[in-house]
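S.K.: Below is the sequence, then the predicted model.
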Amino acid sequence: MMFLKRTTQAELDAFYPVRPECQESVPKPRFKLRTGKTLSARRWHSSFSEEGQLDIAKVLRRIQRGGVHPSIRGAVWEFLLGCYGPNSTFDDRSLIRQRRREQYDEWKAECKKMVPVIGSGKFLTTPIVTDDGQPIEGAPGAQGDQQLNNDPAFEKKVIQWKQVLPQIGLDVVRTDQPLVFYQNERNQAKLWNILSIYAWEDSDISYVQGMNDICSPMVVLLENEADAYWCFERAMRRLLMWAMEYNPNTFLLYETSAAAETTANVSEKLLKQYGKYERNNVRTGFMDYQSGLAVFLAASILENKHKRILKEAKGLDDVVEILGDVTGNIDAKKACKEALNIQKKFFKKAQLQTQ
């Protein structure tokens, strides 16, 4: 049994090797292969019909019980993120994949005309244009096409995009540094390409810190750059839909008139369109607390660590050190559940005070 456990752990380590000097600092993964429960490659392939339709219910049950084997994670995530529908056939997916790869190549070629570094296996970490959009002499990539369109709005989009490229590069350098995978500059460039092209195609979002961490698993799991891009694009769609639930502006949609009705009369049909957190806000009438989930999350972590803080902390530095240990060791599901419990208590007390 011990030999089997060592073999299993060695098998996992082989998929995502960590640099020797980082072995001690990298948190140990909680995932473990569970024979008979983990979705294996054999179980995955047997879940498809002859035409290629996927028995998604069967797959999800297996994933919930024991996770996904690393050898098939890339293919599984393409379905979980909605790149392909479970009812699609092998032929359908082949056609969709080819079309998406062609579309990605077109966008990549368009971006390469403006910034030749894209697709070269290199990436930028220093500015190539000034604040007013003028190319910086001698900067790599500054020699791309400058007059692609006479439309001022387009010119502004190009400048803003070029200004964000070095920020993407700096974040790429910091992404998953312990992994051997990112010791290869071409793999870093692959991540940079995807984020840069996404920033160009979705200029409303462009790029913000943290998107590199969302994209990185796609780059590691999927060998083809275009496939990784579309997986990342679908992940961003999901995140945007979830974010809409926590956007303060969505609360205006609950109100049928300007203070003409109390929130107690808000349509249940409307409330069902949104998340549990927002429904509590609306029902209790506390519109000022609509963006406070982060506060409740912080409160749940403090409550979890308060005994250690009271016992060990002798100053602010000790508190910072204790809370610093939380990084990378939080059970996200448990923390969110505790945060919602604290929020529920808060709203209950606040509602009593207004009566």
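M.R.: All right, it came through fine. The model shown is predicted, which means the values in this text are computed figures rather than measured ones.
S.K.: okay, CA-based contacts and neighbour counts for the rest of this
M.R.: Fine.
S.K.: So which bits of the strand or helix carrying residue 154 are buried?
M.R.: If you go by DSSP states H and E, residue 154 is part of helix 152-174. Using 16 or more other C-alpha atoms under 10 Å as the test for burial, helix 152-174 gives 155, 158-169, 171-173.
S.K.: Residue 348: which of the residues you listed is nearest?
M.R.: The closest of the buried residues of helix 152-174 to residue 348 turns out to be residue 171 (C-alpha to C-alpha; 42.0 Å).
S.K.: residues touching the closest one, list them.
M.R.: Residue 171 makes contact with 209, 212, according to C-alpha atoms under 8 Å, 6 or more residues apart in numbering.
S.K.: Mind pulling the model confidence for it?
M.R.: Note on residue 171: pLDDT of 96.
S.K.: if we can go back for a sec, of the buried residues of helix 152-174, which one scores lowest on pLDDT?
M.R.: Where pLDDT dips furthest among the buried residues of helix 152-174: residue 155, at 89.
S.K.: List the residue ranges of the stretch 1-150 of the chain that fall below the pLDDT cut-off.
M.R.: Applying pLDDT under 70 to the stretch 1-150 of the chain picks out residues 1-13, 140-150.
S.K.: For it, just list every one of the helices.
M.R.: Remark: helices assigned in the stretch 1-150 of the chain by DSSP state H, counting those that start in this stretch are 2-15, 41-46, 56-66, 73-80, 90-114.
S.K.: can you redo the ones you listed as a markdown table with mean neighbour count and distance to residue 294?
M.R.: Below are the helices of the stretch 1-150 of the chain laid out as a markdown table (neighbours: other C-alpha atoms under 10 Å; distance: least, C-alpha to C-alpha, whole Å):
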| stretch | mean neighbour count | distance to residue 294 |
| --- | --- | --- |
| helix 2-15 | 12 | 34 |
| helix 41-46 | 14 | 38 |
| helix 56-66 | 15 | 27 |
| helix 73-80 | 18 | 27 |
| helix 90-114 | 15 | 36 |
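S.K.: Which among those helices is found nearest to residue 337?
M.R.: helix 56-66 (18.3 Å).
S.K.: what sits up against the closest one?
M.R.: 33, 34, 37, 38, 39, 44, 47, 86.
S.K.: Just the CA trace of that helix, in CSV.
M.R.: Extracted in CSV, the C-alpha atoms of helix 56-66 (Å, rounded to 0.1, in the frame of the first residue of the first chain):
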residue,chain,number,x,y,z
ILE,A,56,-21.7,14.5,-19.1
ALA,A,57,-23.7,13.4,-16.0
LYS,A,58,-21.6,10.2,-15.6
VAL,A,59,-18.4,12.3,-16.0
LEU,A,60,-19.5,14.9,-13.5
ARG,A,61,-20.3,12.3,-10.9
ARG,A,62,-16.9,10.7,-11.3
ILE,A,63,-15.2,14.2,-11.1
GLN,A,64,-17.1,15.1,-7.9
ARG,A,65,-16.0,11.8,-6.3
GLY,A,66,-12.3,11.8,-7.2
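S.K.: Let me see the domain layout of the protein.
M.R.: The chain is divided into the following domains under automatic domain parsing: 2-80, 90-244, 250-354.
S.K.: The helix or strand just after the helix holding residue 154 packs against which elements?
M.R.: Counting by DSSP H and E, the next helix or strand C-terminal to helix 152-174 is helix 185-201. Counting contacts by 3 or more C-alpha pairs under 8 Å, 6 or more residues apart in numbering; DSSP states H and E, helix 185-201 is packed against helix 90-114, helix 152-174, helix 211-221, helix 225-245.
S.K.: Try it again at 7 Å.
M.R.: If contacts are counted by 3 or more C-alpha pairs under 7 Å, 6 or more residues apart in numbering; DSSP states H and E, helix 185-201 sits against helix 90-114, helix 152-174.
S.K.: closest to residue 126 out of the helices of the stretch 1-150 of the chain?
M.R.: Across the helices of the stretch 1-150 of the chain, closest to residue 126 is helix 90-114 (C-alpha to C-alpha), at 16.0 Å.
S.K.: and the angle for that closest one with helix 152-174?
M.R.: 100 degrees (axes from the mean of the first three to the mean of the last three C-alpha atoms, to 10 degrees).
S.K.: So which residue is smack in the middle of this protein?
M.R.: residue 214 (3.2 Å; C-alpha atoms, centre = their mean).
S.K.: can you tell me which residues contact it?
M.R.: Residue 214 makes contact with no residue, according to C-alpha atoms under 7 Å, 6 or more residues apart in numbering.
S.K.: how about 10 Å then?
M.R.: Residue 214 sits next to 232, 235, 236, 239 when contact means C-alpha atoms under 10 Å, 6 or more residues apart in numbering.
S.K.: Residue 51 is in contact with residue 88, correct?
M.R.: Yes. Residue 88 lies in contact with residue 51 (C-alpha atoms under 10 Å); the separation is 8.6 Å.
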